[in-house]
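Participant: task: produce atomic coordinates for the following.
(chains A, B and C)
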Amino acid sequence: MKVLFGGDYNPEQWPETVWDEDYKLFDLAGIDTVTVGVFAWASTQPGPDVYDFAVLDRVVERAAAEGRAVCLATGTGALPPWLARAHPEVNRTDFEGRRHRYGQRHNACPSSPVFRRLSAELARRVGQRYAAHPSVVAWHVGNEYGGACYCDLCAEAFRDWLRARYGSLDALNEAWYTTFWSHTFTDWAQIEPPSALTEHWRGPDHTAFPTMTLDYLRFTSDALLANFIDEKAAIRESSPDIPVTTNFMGLYRPIDYHRWAPHLDFASWDNYPPDDRSHARMALAHDLMRGLKDGAPFWLMEQTPSFTACRDVNPLKRPGIMRLWSWQAVAHGADAVLFFQLRASRGACEKYHGAVIGHAGRSDTRVFTEVAALGAELSRLGDATLGARTPAGVALLFDWDSWWALEITDGPSRLVRYLDVVLAYYRALWDAGVDVDVLPVAADLSSYDVVVAPALYMVKGDLAARLEQVADRGGSVLTTFLSGRADENNNAFGTDVPGPLGPLLGVRVDEWDARGADVVNPVTLGGATVASRLLFELVVPQGAEVVGTYGADFYAGTPAVTRNAFGAGHGWYVGAGLDQAGVSWVVERVLDGHDLRGPYPHVPDLETTTRVAADGTRLRFLLNHGADAVDIVARAGGADLLTGGRVEAGDPIGLPPGGVLVLRED
Amino acid sequence: MKVLFGGDYNPEQWPETVWDEDYKLFDLAGIDTVTVGVFAWASTQPGPDVYDFAVLDRVVERAAAEGRAVCLATGTGALPPWLARAHPEVNRTDFEGRRHRYGQRHNACPSSPVFRRLSAELARRVGQRYAAHPSVVAWHVGNEYGGACYCDLCAEAFRDWLRARYGSLDALNEAWYTTFWSHTFTDWAQIEPPSALTEHWRGPDHTAFPTMTLDYLRFTSDALLANFIDEKAAIRESSPDIPVTTNFMGLYRPIDYHRWAPHLDFASWDNYPPDDRSHARMALAHDLMRGLKDGAPFWLMEQTPSFTACRDVNPLKRPGIMRLWSWQAVAHGADAVLFFQLRASRGACEKYHGAVIGHAGRSDTRVFTEVAALGAELSRLGDATLGARTPAGVALLFDWDSWWALEITDGPSRLVRYLDVVLAYYRALWDAGVDVDVLPVAADLSSYDVVVAPALYMVKGDLAARLEQVADRGGSVLTTFLSGRADENNNAFGTDVPGPLGPLLGVRVDEWDARGADVVNPVTLGGATVASRLLFELVVPQGAEVVGTYGADFYAGTPAVTRNAFGAGHGWYVGAGLDQAGVSWVVERVLDGHDLRGPYPHVPDLETTTRVAADGTRLRFLLNHGADAVDIVARAGGADLLTGGRVEAGDPIGLPPGGVLVLRED
Amino acid sequence: MKVLFGGDYNPEQWPETVWDEDYKLFDLAGIDTVTVGVFAWASTQPGPDVYDFAVLDRVVERAAAEGRAVCLATGTGALPPWLARAHPEVNRTDFEGRRHRYGQRHNACPSSPVFRRLSAELARRVGQRYAAHPSVVAWHVGNEYGGACYCDLCAEAFRDWLRARYGSLDALNEAWYTTFWSHTFTDWAQIEPPSALTEHWRGPDHTAFPTMTLDYLRFTSDALLANFIDEKAAIRESSPDIPVTTNFMGLYRPIDYHRWAPHLDFASWDNYPPDDRSHARMALAHDLMRGLKDGAPFWLMEQTPSFTACRDVNPLKRPGIMRLWSWQAVAHGADAVLFFQLRASRGACEKYHGAVIGHAGRSDTRVFTEVAALGAELSRLGDATLGARTPAGVALLFDWDSWWALEITDGPSRLVRYLDVVLAYYRALWDAGVDVDVLPVAADLSSYDVVVAPALYMVKGDLAARLEQVADRGGSVLTTFLSGRADENNNAFGTDVPGPLGPLLGVRVDEWDARGADVVNPVTLGGATVASRLLFELVVPQGAEVVGTYGADFYAGTPAVTRNAFGAGHGWYVGAGLDQAGVSWVVERVLDGHDLRGPYPHVPDLETTTRVAADGTRLRFLLNHGADAVDIVARAGGADLLTGGRVEAGDPIGLPPGGVLVLRED
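Facilitator: Residues are numbered from 1 along each chain as shown, chains lettered A, B, ... in the order given. As a prediction, this is how the structure comes out:
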């Protein structure tokens, strides 16, 4: 048992003579796992009544014969042409109201009965045929679910979804606030999907009725989930035990992964960061993915060994970066490190997406060499990390409803983006080397000392009470501007902002100022002055003490940051759009009251994480994301799992750029 | 009698228990007027054959019982869902050719017979029910008319409109210049609305046939006007006297308010400037609105007390700004100061649009406090300003046809925008404290000493002769580049530019140069040198004297500004895109020949206006829009109507930032 | 016999009384040629069964009576309204899937049987009527062909085109690489045009299946060519000898002019450069147009005498520029210099497009005066240049397939644009005064010493072998990054990059880096250091010597430019996106081995070209495009054809800004 290593493999794209070369190269690179069949539908079902597994059989059999594990896809990642032609309604209707014709991938209307029937049937047959195959270690349903459809079938399905949610039109009219602009619905049939042809202008985020749009986002997430569940259920008919997953996309707005998580047996995701300075952002995504299944290990299902093709500019991963990011995944809980892709396509739009094996099939390229070195390293590691979990004292709340509601609602500022806010607070924790669980708002918070909830726009259910309990027992709760703004229907509370969070935070907010990114209001925090931008809430203390104040404009001298004693703990409120220095200052003050920092905090670009194995073994990961070497002194001794050597407490540790240390602490 | 104070009020959005709080707060704030029912259609007509005024009855009765005046809307600002569902053709077809489904507001096809019948019928019933109600002081038809429809019903209505305008296809073909690009129409049915599917590319301003597009703009303005007239006529059946209005939007391109003005009993408008440095722009809009009804007072129908929600960034109005801008409206002729909105909606897209009363219903917010202080101030003012008119010696011509024609015609430069040009010349007059009437080109000009007509692209009817008369009797006429370019059909005159304005101006223009905003050509004016940009006409004097010359390029030394003696007066021509300093220099030279400057000209950011009551009383308004205090010496004595004190000639007057002085001069 | 001089003339737009004025002015200006009837369809066929040549008769007869040559258009540049109304399918369906209604020009679906029948019939009748007319010197078919249609008729025609190209679906599936994303087509009817509704996102360059899109570009070019051929064949029925052309647009991506060229009797094009600093770009376009017909002279069919109207900003041509650019056309092979347009339209969207005669009909404008001066000059020149050809030792390969494939394929960088690369290499040759033939990749290369093939993305047929032959016999072949990347189906070769060019170039490329425009990697070339940007290929020599190396990043010190000895010559490879200085350095090194530079190389902004008449007379053109005078010493003596004077070898030659010298060398 070891960390799985390999990736997407599409040998059906080339003659079988090439397969021999591939497998030789897999051996050289230590590749033990292949993901196959993701886009096989046109091959496995070439016509309405014909199933043909000849090619897939050969692919799976060859993998098995070579001793590779197979992550087997149901193959529904893209529709085959015959299906789209025979049933035009399986093609989506887009936000502009245009019925699409056949093309691209991830392209099915989720509400189409034909699609639902045929996709489940294909999954059923794949399950029947391969469930007993010893090499199959996981089922890969669909691919990178996403997108939305606005066809009449979806409109009808949306109405059903709404009936189930609201029960009555009266309740819906109240939730959607339809007295505004004469929208009182008197018949379910009057409800249309919110789109460019109905409630929207300037794209999907500008809507006359944000709650209608919010519900369509929820509906779409649920409709695609139903597609996943269709296929999973069909597989389960013949495969009761092999785990089922689908590959998520990390910080992906269109799908509420928290709603999906219970239906997956394990989480997996594809890591394509926007640039090579995204280490903290990737860490957040890893922690979010780990948080989907209560901290259980996940798979890194895809990453590129070298470059992408789909960006305007596709930089090359520098030497060592692929290794570093692979280890980062393991450091955050991955038990598999997989690539897209093992061999490069010669045609179509991913011709220039990087691969372990390029068009020429060489083994002497830099990229292949680095992959092979990582394969060897993972083999040396063995099973040390498998199943290990992260011991976190800090919970960061991540909420798709807040993300959606904040970004689809007019005012105060379109420049305030949910992810930017979340990432700034996560970054402050990352810099301090704190292990963080990134959790849904409904999660059990009873084991955490600190709960950070940036831009907690929507406050649902008993969340306010559960946050109060954290403070009550001595914990710290930190939240920011644009929190406590809306109920589960995205309507303002008829009370002071921040609504039900008011008692915990001891403040109220009557008004707020928004400015362009070029306007800075300096905020005084302790002896320091930091910058704030974009949003400036005017905070009126209702018991809270003032921690920081604005330095400019007519509200100079009024509170920008406050702290409220609550029970044995505190509620912190940040009303200003602080820069990273300001956010970090506040987070540090929150941490001061708790013993949660990592062993090497605030070493620039040094990431540290912890995993604890089932037997209690503590693994410490150190990763140098910087361009300079890092030199520290070991705080604890242990075994260096990559070199086989030892580190003693007090020893100097030198990590070159890209350097990785995995220490099994004594 | 006093300036009306209040605004839009939508109590149907919350339980009647809240209404009690509202009215207590209205009392605190001196609010005496409520605008109700603007979006009531779904409530007042919940189905095709059902009218239900129960809620509106209670709203109106409550207002009356509390002694408030009611501005009563017909409620056709948005369609109800049932109507859109039953008659899909009432939904507009957009510029892209997409038939919309139900959504948003201001959403009806103006040519739809069903819409026209039902909207008039609703207005008829509202009129019948409430005409005798003593609290109703005005009828508010529709809301912020605008937008266009491109459906087949509109195509047919457009053809009818064209038949009425041109009489024959031959005349239309000539007007539209259809020999160009093989467009000779031989049947009315061949004519399509100009859209993205026909004559346009790159949006509504790029068209192969600008005159067709110009006519569609005129048609659309008329079609929406017909909707207004439908409703007004229906109201008039039972309400012969109560004045009827609809809320305009100031400098709004899509509707030719001059065509509408005769049909309104008084003008009203909604003031949402793009930023907080728009004082001169707002002044221009006020003067334009006042000019719609020959100088009669208008209503400020909407403004926000604090912030908008619909912008990307929605800044907070600074303390004092709401008061300052309210007084600016009065200074320019407003007899009502109203807000959108009195209480904030808890949901939908205007949840964060500012309100006198916020979600929490507080009276101790800064915003509420400032509103209440203004209410008290207006009460102290009483009837002093009601009905007073502005004595202006300068007319500025504002012409929607020129605006449209200039901006939809290819060449010379898309960067030259009509409003920018108009505003620069208005700004020069504003700086000089000159009272200005902003008028349509058909207005009687016989009482003005100076007529300024920036970018008078189109010269229609006897306008050239009337401008010559102004000069003939000793007046000054000033116009600019891109004037005298087109006849009423937007076709070039077959003579030298500036066409019929040639004799008055004494110049001709054979060629012109356009450059990007980064290219400056210095222009020498007297001893000064200013910058010109974007457009540089090469002016050939035909009798005019040279006032300013270009300083660069191959036309260095040739005229950029000229003055032509004509009768007892002058015709001025500015051929260059002068910067504000240049425009102001020219305007000052024009003013030099006349006694029209205000008493405190050229005090930075100090606005002065005059209103004269029916009894001849002269009211002088001084408003400080700057960030610094203004100190001046009184030129005349009088009563300070806001403090009750006196100012004597020669007294120092100190106006703090945002300061307002209303002086009833002796 | 002389260079034809005149242009587009649309007298049908104004009364015949104006024609008299026009012809007087033509005499003044030396105008001997008029292009008429380009948009006459609505006039010549006013209804389905009616042809009416009355107006065109008068236009042609008048021209003939006045002794002017006529370039006679078939008149199919725009559909008449009645046709679009009667047969809606002649209107195109756009990339967004929207069926257009009647509007604009160049607006017919190329696959519409009705359009094909009626356009050919109109051409047939025009041919019959005027073929014997002595004034007709050329046929002008259609106008500025371009655009694409995505309707069902085109879909069917595309399938036919594909059947003809591939023979079988198996071959198509392989070429399109349809195993990727489950796209295996099992019926021709499943194939849809690639559009926003099928394979595309973010516009026409982002496609899931680049080969499908490439084929649609090829199909569209061929479909429009079929329209041209339809009309030409119809004309040929009655006019066997008069040459037929259509006006091309130079560096125009949508049409593969090389596929069209065999079907034209002579090439002609419209020159509207993006700005007034485009002399090298215009030169490239002229050379490309000349290369279409094996170096035979072409016509400059359109240029503006003053300004365009269709740009956002339309600058005026400075004095002398119209003359300079007219001579540039002649210098590169034009035997006709024509304007759009002789008299300005008074209406529609080209009202402000410049004309020889403006709206007022003056002869004393600067523009008219310059036109007349040029007319006189061309008369003095007489027949000296007619039929003369360009003796070029350098071939630059220009390939629409490479242009398309490079720009529609994802990765490595969307910022690398084919024309930018080509122009940089052309510019280097232009600076050196080298006469260049711009040729298709299938051209005979046996007479060239140097072949430059920038960004030769696609390598088809025996091209690699023909390039090797150039080097083999002592020539130099130069190519760059992104060459040798794809076969004729845009699929990667299964070998090392640069595919079949590898032996000639002696390098391989395993990986490449792309960066934003702000990232510079310095490249050392000889003793100099230049900048490279956007794309950095990591070049591994396979026999080539290193000419330049990268200076930064992890690949610092590795090759950026190489030279490979091959046969008696060399293959050069530039792997980096060099700036102009770098490109020029490399091109100069290539030229060093050959005697190809012009007599006055590297004089800033001085253009020199050569034409050789049938009798061997050598004409040397010198044009000063700079803002400063150029002073050189004559390298050869000869007759100054514009002044009638002499220049002796060793004489000083002074060319003022805009200056032109045409020297018939001794």
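
Participant: quick one: contacts for the residue in the stretch 1-150 of chain A positioned nearest to chain C?
Facilitator: Going by C-beta to the nearest C-beta, chain C is nearest to A:G103 of the stretch 1-150 of chain A, at 3.3 Å. Every C-beta, even on glycine, is put in place using the N, C-alpha and C of the backbone. Residues near A:G103 by C-beta atoms under 8 Å, 6 or more residues apart in numbering or on different chains: C:192, C:194, C:197-200, C:208.

Participant: filter those residues by proximity to chain A?
Facilitator: C:192, C:194, C:197-200, C:208 (C-beta under 8 Å from any C-beta of the partner chain).

Participant: between those residues, which is closest to B:L538?
Facilitator: Sorting these by how near they are to B:L538, with C-beta to C-beta, puts C:H200 at the top with 46.2 Å.

Participant: tell me where the stretch 251-400 of chain A has strands.
Facilitator: A:268-270, A:298-302, A:334-339, A:394-397 (DSSP state E, counting those that start in this stretch).

Participant: quick one: which of those is nearest chain B?
Facilitator: strand A:394-397 (22.7 Å).

Participant: list the helices and strands that closest one packs on?
Facilitator: Strand A:394-397 sits against helix A:418-431, strand A:436-439, strand A:450-453, with contacts defined as 3 or more C-beta pairs under 8 Å, 6 or more residues apart in numbering or on different chains; DSSP states H and E.

Participant: and the helices in the stretch 151-300 of chain A?
Facilitator: Along the stretch 151-300 of chain A, counting by DSSP state H, counting those that start in this stretch, helices occupy A:152-166, A:169-176, A:210-236, A:257-260, A:279-292.

Participant: can you put these in TSV and add mean neighbour count and mean pLDDT?
Facilitator: TSV is the format used below for the helices of the stretch 151-300 of chain A (neighbours: other C-beta atoms under 10 Å in any protein chain shown; pLDDT from 0 to 100):
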stretch	mean neighbour count	mean pLDDT
helix A:152-166	17	98
helix A:169-176	18	98
helix A:210-236	22	98
helix A:257-260	20	98
helix A:279-292	24	98
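
Participant: could I get those as JSON lines with distance to chain B?
Facilitator: As requested, these are arranged in JSON lines below (distance: least, C-beta to the nearest C-beta, whole Å):
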{"stretch": "helix A:152-166", "distance to chain B": "9"}
{"stretch": "helix A:169-176", "distance to chain B": "7"}
{"stretch": "helix A:210-236", "distance to chain B": "6"}
{"stretch": "helix A:257-260", "distance to chain B": "23"}
{"stretch": "helix A:279-292", "distance to chain B": "24"}
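
Participant: just put the ones you listed in CSV and tack on distance to A:V34.
Facilitator: Formatted as CSV, the helices of the stretch 151-300 of chain A follow (distance: least, C-beta to C-beta, whole Å):
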stretch, distance to A:V34
helix A:152-166, 35
helix A:169-176, 48
helix A:210-236, 19
helix A:257-260, 25
helix A:279-292, 22
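
Participant: between those helices, which one is nearest to A:T184?
Facilitator: Checked against C-beta to C-beta, the stretch from those lying closest is helix A:169-176, at 5.4 Å.

Participant: and the angle from the closest one to helix A:152-166?
Facilitator: Here the directions of helix A:169-176 and helix A:152-166 differ by 90 degrees (axes from the mean of the first three to the mean of the last three C-alpha atoms, to 10 degrees).

Participant: and for helix A:169-176, what are the contacting residues?
Facilitator: A:162, A:166, A:178-179, A:183-188, A:209, A:211-212, A:215, A:489, A:491, B:347-348.

Participant: same question, stretch A:189-200
Facilitator: A:95-97, A:150, A:154-155, A:158-159, A:162, A:185, A:203, A:206-209, A:212-213, A:216, B:81-82, B:84-85, B:98-104.

Participant: list the buried residues of it.
Facilitator: For stretch A:189-200, a neighbour-count test (16 or more other C-beta atoms under 10 Å in any protein chain shown) marks A:190-200 as buried.

Participant: farthest-apart pair in those, please.
Facilitator: The largest separation in the buried residues of stretch A:189-200, counting by C-beta to C-beta, is between A:Q190 and A:A196 at 18.6 Å.

Participant: pLDDT at the residue of the stretch 301-450 of chain A found nearest chain B, what is it?
Facilitator: Nearest to chain B in the stretch 301-450 of chain A, going by C-beta to the nearest C-beta, is A:G411, at a distance of 3.0 Å. pLDDT, A:G411: 96.

Participant: format the contacts of A:G103 as TSV; extra columns: distance to A:A639 and pLDDT.
Facilitator: Shown next, in TSV, are those (distance: C-beta to C-beta, whole Å; pLDDT from 0 to 100):
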residue	distance to A:A639	pLDDT
C:E192	60	98
C:P194	57	98
C:L197	59	98
C:T198	56	98
C:E199	53	98
C:H200	54	98
C:A208	49	98
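
Participant: now, which of these sits nearest chain A?
Facilitator: For these, the nearest to chain A is C:T198 (3.3 Å; C-beta to the nearest C-beta).

Participant: state the distance from that closest one to C:G146.
Facilitator: 22 Å (C-beta to C-beta, to the nearest Å).

Participant: also A:N143?
Facilitator: From A:N143 to C:G146 the distance is 38 Å (C-beta to C-beta).

Participant: one more: A:C154?
Facilitator: 38 Å.

Participant: name the SS class of the closest residue to chain C within the stretch 401-550 of chain A, please.
Facilitator: The stretch 401-550 of chain A approaches chain C most closely through A:A517 (19.4 Å), counting by C-beta to the nearest C-beta. Secondary structure state of A:A517, per DSSP: H, G, I helix; E, B strand; the rest coil, is coil.

Participant: quick one, what contacts the residue most central in space within chain A?
Facilitator: The centroid of chain A falls nearest to A:G250 when counting by C-alpha atoms, centre = their mean (2.2 Å). Residues in contact with A:G250 (C-beta under 8 Å, 6+ apart) are A:269-271, A:282, A:285, A:288-289.

Participant: out of those, who's nearest B:L467?
Facilitator: A:A285 (68.2 Å).

Participant: the closest one reaches A:Y272, doesn't it?
Facilitator: No. Taking contacts as C-beta atoms under 8 Å, A:A285 lies outside contact range of A:Y272: 10.2 Å.

Participant: just give me the neighbour total for the residue of the stretch 301-450 of chain A closest to chain B.
Facilitator: Burial of A:G411 is recorded as 21 neighbouring residues (other C-beta atoms under 10 Å in any protein chain shown).

Participant: let me know the helix or strand that it is in.
Facilitator: Using DSSP states H and E, A:G411 falls within no helix or strand.

Participant: buried stuff in the longest strand belonging to chain A?
Facilitator: Longest strand in chain A, counting residues (DSSP state E): strand A:528-541. Within strand A:528-541, the residues that count as buried by 16+ other C-beta under 10 Å are A:530-541.

Participant: OK, contacts around A:W327?
Facilitator: Neighbouring residues of A:W327 by C-beta under 8 Å, 6+ apart: A:621, A:623, A:660, A:662.

Participant: looking at the residues you listed, which is nearest B:A442?
Facilitator: A:L623 (75.9 Å).

Participant: give the contact list for the closest one.
Facilitator: A:279, A:324, A:327-328, A:331, A:606-608, A:655, A:659-661.

Participant: same thing but at 6 Å, please
Facilitator: When contacts are counted by C-beta atoms under 6 Å, 6 or more residues apart in numbering or on different chains, A:L623 touches A:328, A:607, A:660.

Participant: report the separation between the last one and A:F307.
Facilitator: Distance, A:V660 to A:F307, using C-beta to C-beta: 22 Å.

Participant: just the second one next, same as before
Facilitator: Here A:E607 is placed at a distance of 23 Å from A:F307 (C-beta to C-beta).
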